[in-house]
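**Q** just the structure for this:
(one chain, ligands or ions: 1)
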Amino acid sequence: MRKFISTIAGALLMFTVSAPLSTVAKSAEFFSIGTGGPTGVYFQVGNAICKMVAMLQSAEHGRKKGTDKAYRCSAPSTGGSTYNIGQIMEGELQFGVAQSDWQYHAYNGTMPDKVKPFKGLRAIFSAHPEPFQILVGKKSKIKNWDSMKGKKVNIGNPGSGQRGTFEVLMEAHGVDTSYFSAASELGSSEQSGALCDGKIDAYGYTVGVPNSGVRQATDGCGASIIDLQTDAVKKLVADNPFYAWATIPKGTYKTSKKDVTTFGVMASVVTSAEVSDDLVYAVVRAVFENLEDFKKQHDAFKDLDPKKMIVDGVSAPLHPGAIKYYKEKGWM
Ligand code: GLU
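**A** Residues are numbered from 1 along each chain as shown. A predicted model of the protein is given here:
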């Protein structure tokens, strides 16, 4: 909680979904959920959670079951997974959305050059699957990983999950950025524009399906997603519990003429062991009591299933506030 509670003014400036002002008594508690770029799916996850918190509070306002504490939730756009984990560690964010590979590496300290080791990281639940997608421009002539050699490629902004995962992919293939003629670091809301303008030939993005940013490139200028099934990718999937094969079904975007096979991770919602059990319990309860509404907030959430959400992609220990709710529901 530490520093963040003191930044109430900052929180008010951010996009805030909350209970009506009249319900905010002196015991209001502010918290923030780090997301990703404004056109990504993490932004939808964070703001859907805030909406569920506000819905549960207003439904229970004045009823005995309702908490007398008002929660004010904000879900600002951020750099992505590894940025969110770092800010949770600093106490600047209470929650964040993060790829399951970066959750794993942060908790286990296994890739300290890409994500800060953080033993206090706690999982809450996972949301949607995120295939790692390489989008290639219509005129790029890129068909597979090998034909990316010598092309202009966006590897993602530092702090994003795709940046780290792209680096892992390059290392797995025994190359670095010199494999490309240029490697840019554009954020997720800039990459489709750059691809359509021909400034880059390809970009890598770990994101839920469907996604409006990807659609801008596929439906907007004929870009497509390539298969990623090299021997190096097969080894990554075989050797790491947080990677799995993923399919982007035919028909997802205008240029999806066939199923695309790639590897992927889960988007997980994480927090810190220092965040109170009460707050975590309140957030988890708001999401699961309203899960049918939550699933309607974005197409990527339509298959969410509570029993899978508390197991799949959860590689840090679950927070005790979440465990309390899952036990009450008989899920654990
Ligand atoms: N997977 C991306 C990341 O970790 C974010 C995707 C999104 O914004 O939906 O940064």
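**Q** so which residues on the stretch 151-300 of the chain come close to the ligand?
**A** Within the stretch 151-300 of the chain, the positions adjacent to the ligand are Ser160, Gly161, Gln162, Ser188, Thr206, Val207, Gly208 by CB under 6 Å from any ligand atom. Using the backbone N, CA and C atoms, a C-beta is placed for each residue, glycine as well.
**Q** my read: the first one touches Thr82, true?
**A** Yes. With contact taken as CB atoms under 8 Å, Ser160 and Thr82 are classed as touching, separated by 7.2 Å.
**Q** and the two? Which one has more around it.
**A** Neighbour count, other CB atoms under 10 Å: between Ser160 and Thr82, Ser160 has more, with 30 against 24.
**Q** returning to what we had before: return the subset of the residues of the stretch 151-300 of the chain next to the ligand lying in strands.
**A** Using DSSP state E, the subset of these located in strands is Thr206.
**Q** is any residue of whichever helix in the chain runs longest near the ligand?
**A** Across the chain, the longest stretch assigned as helix under DSSP state H is helix 42-60. Yes. Contact of helix 42-60 with the ligand (CB under 6 Å from any ligand atom) involves Tyr42.
**Q** right, and the helix or strand after that helix?
**A** Sequence order places strand 71-74 as the next helix or strand after helix 42-60, per DSSP states H and E.
**Q** each with direction, which strands does that following strand pair with?
**A** strand 16-18 (antiparallel), strand 29-34 (parallel) (DSSP bridges).
**Q** which of those has the lowest average pLDDT?
**A** Mean pLDDT per stretch puts strand 16-18 lowest among the strands paired with strand 71-74, at a mean of 46.
**Q** which stretches of the stretch 201-332 of the chain form helices?
**A** 212-221, 231-239, 277-289, 291-295, 306-309, 320-328 (DSSP state H, counting those that start in this stretch).
**Q** need the winner for burial among the ones you listed.
**A** With neighbours defined as mean count of other CB atoms under 10 Å, these peak in mean count at helix 277-289, which reaches a mean of 21.
**Q** what angle separates that helix from helix 42-60?
**A** Here helix 277-289 runs at an angle of 90 degrees relative to helix 42-60 (axes from the mean of the first three to the mean of the last three CA atoms, to 10 degrees).
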